[in-house]
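1. Generate coordinates for the sequence data below:
(2 chains)
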Amino acid sequence: MSLPSFQLHRPRELAEAVALWTEHGAAAKLLAGGTDLIPSLKQGLFAPDHLIDLGAIAGLTGISRAANGDWLIGAMTRIHEVAEDPILGREFPLLAAAAGQIASPVLRRMGTLGGNLCLDTRCLWYNQSYLWRQSCGFCLKKNGAVCHVAPGGRRCWAAFSADTAPALLVLDASVEIAGPAGARWLPLAELYSGAGDHPLRLGRGEILSRVRLPAAAAGMRGSYQKFRIRNSIDYPLAALALALRREANGAVTARLALTALNPAPVLVAGLERCLAAALAADPPDLAAVVQLVNRAAKPLSTSTVPADYRREMVLIQARRALEACLA
Amino acid sequence: MITAFTVNGQPRRLELDPATLLLEALREHLRLTGTKCGCDDSSCGACTVLVNGQPALACTLLAAGCDGADITTIEGIATDGRLTALQRAFGRMGGAQCGFCTPGMVMAAKALLDGNPDPSDGEIQAALSGNICRCTGYVQILASVRAALAEAAGAAADAARPKAAADAQRRAAGPTPPPQAAEPQSAHG
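-> Got it, this is the predicted structure:
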């Protein structure tokens, strides 16, 4: 299927990309690896007048160390490089596990880390051809006025479905945002709005350029649990990342995040205190921790797999991840 | 806009609309119809080609984004009209049934073998896991890649062995042993 026509820009400098993105605003889209955007263009989900391809910009790729020991990953670094870099994988096995389960091997060579973090939200009623959407009724995320998932409300509940986001959230990552006013860093959690129809909290002209992983998170135990129909290729339908470290004094540092369930990746609040209490019991009682996950997860009928099933799955995932990291 | 790249060793210059996909450039502008359009939404692998030696989905890449790249399609891997060991094995072992997924399967397998001449079954399965076959031929496809590897290993062993023993081994290996002179030294060369 041919793409709708657009003017293609292939800037060689990030500043040039920011200028183009600032100039054209809503009339433009950014192209990273294209593994999500190109199919979406075919489905008529976007019809930009301008496409700004970030693929020719030098300096947006690669994995390096900052002077303070933190890790820096360029936004255009391919997913398979993140998944297979041996040193990064030793320091942050959770990130390697999450990245290594994205889509398929070929798509991991095409898709980028920045693209994954900025992935559009997904829904049964949205990621469909124009004809399908026209026949079944447009939704408020595109062309329509009603949410078929929650028809009474005015909110879009499309699910944020990137795999690297929960892993990077629990590893306490931050992202660098290049914009017309210069660059700024923000905690990854602040990138996401929680609204399915405009999932990213980025201003006009702003581009995610780098990811920073703090040295303090290196060496944490991790578990990435992912449920999808075809393990060889599909987006997640429920997934969970857990990073955990038992300190020398017996205290436990732990963070847990969910994806593919809510319109944003969710860092589960109160996890560490709840886990400490659970571990104080003999034998440890993980039910309360699983209950915390249960309260944070908001699966709705955004996929062909029923929401109840996805909820059941994430509870199982929580228990499996905890058992793996505490073993 | 003008896009210049190398396709199967030949430099090509095309005047293309910026929205042209690599798949369209290959099939419609260059008439290289060996690369198939399966799902058209990056979830089946039928359109797999090599871009600078790396497997990529031609249905999901802008042709303009491949400016300056070295592209290899299924048409470009045979040498002087002789199929590679991998292609012959797909035919011999029943790795192709309807054949629609086959170009993508072969290119994905070639990409694997180019970087890893001795993969395990698990590695072959993983490398082909994004290539969907609707004739349920995965067992034969795995066997095809294995057979190509065995043929390459046999050829390498032949070179270091007295001719009679090598001939006997080749007779045992398959019903139509290819002439030794043309035997490629790698599974995918």
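2. Can you check the pLDDT for residue 104?
-> By default, I'm working from chain A. A:Ser104 carries a pLDDT value of 95.
3. could you do chain B instead?
-> pLDDT, B:Gly104: 98.
4. wait, what's in contact with residue 121?
-> Using chain A. A:Lys141, A:Cys156, A:Ala158, A:Ala159, A:Phe160, A:Ser161, A:Gly196, A:Asp197, A:Pro199, A:Pro263 (CB atoms under 8 Å, 6 or more residues apart in numbering or on different chains). (Each C-beta comes from the backbone N, C-alpha and C, glycine too.)
5. that's the wrong chain, I wanted chain B
-> Contacts for B:Asp121 (CB under 8 Å, 6+ apart) come out as B:Leu142, B:Arg146.
6. Need phi/psi at it.
-> phi -60, psi -40 (degrees, to the nearest 10).
7. And A:Arg184, by the same measure?
-> phi -140, psi 150.
8. now it, which residues is it bridged with?
-> A:Ile177 (DSSP bridges).
9. any idea how far A:Pro151 is from it?
-> 39 Å (CB to CB, to the nearest Å).
10. Ok, B:Thr84 next?
-> Applying CB to CB to B:Thr84 and A:Pro151 gives a distance of 56 Å.
11. More neighbours: which of the two?
-> B:Thr84 (21 against 8; other CB atoms under 10 Å in any protein chain shown).
12. Got the confidence number for the more buried one?
-> On the pLDDT scale, B:Thr84 is placed at 96.
13. ok, it touching B:Ile77?
-> Yes - B:Thr84 is within contact range of B:Ile77, at 5.3 Å (criterion: CB atoms under 8 Å).
14. Inside strands: which ones of the contacts of A:Thr121?
-> Assigned to strands by DSSP state E, none of those qualify.
15. Buried among the residues you listed? Need that as a selection in ChimeraX.
-> Buried residues within the contacts of A:Thr121, by 16 or more other CB atoms under 10 Å in any protein chain shown, are selected in ChimeraX with:
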select /A:141,156,158,159,160,161,196,197,199,263
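16. Need the max-distance pair from the contacts of A:Thr121.
-> Farthest-apart pair in the contacts of A:Thr121 is A:Ser161 and A:Asp197; separation 14.8 Å (CB to CB).
17. how many other residues sit next to the residue of the stretch 151-300 of chain A found nearest chain B?
-> Closest contact between the stretch 151-300 of chain A and chain B, by CB to the nearest CB, is at A:Ser232 (3.6 Å). Using other CB under 10 Å, A:Ser232 has 18 neighbouring residues.
18. if I pick the closest residue to chain B within chain A, what's in contact with it?
-> Going by CB to the nearest CB, chain B is nearest to A:Ser104 of chain A, at 2.4 Å. Taking CB under 8 Å, 6+ apart as the criterion, A:Ser104 is in contact with A:Ser232, A:Ile233, B:Gly45, B:Ser129, B:Gly130.
19. Top of those by number of neighbours, please.
-> With neighbours taken as other CB under 10 Å, the top of the contacts of A:Ser104 is B:Gly45, carrying 30 neighbours.
20. Spatially nearest residue to that one (excluding sequence neighbours)?
-> B:Asn131 (3.4 Å; CB to CB, 6 or more residues apart in numbering or on different chains).
21. need the residues of the stretch 201-327 of chain A near chain B, please.
-> Where the stretch 201-327 of chain A comes near chain B, counting by CB under 8 Å from any CB of the partner chain, the residues are A:Asn231, A:Ser232, A:Ile233, A:Asp234.
22. A:Tyr126: which of the residues you listed is nearest?
-> Nearest to A:Tyr126, judged by CB to CB, of those is A:Asp234 at 16.1 Å.
23. Correct me if wrong: that closest one contacts A:Lys226.
-> No - applying CB under 8 Å, one finds A:Asp234 not in contact with A:Lys226, separated by 9.5 Å.
24. So which of those two has more stuff around it?
-> Each of A:Asp234 and A:Lys226 has its neighbours counted (other CB under 10 Å); A:Lys226 has more, 23 against 16.
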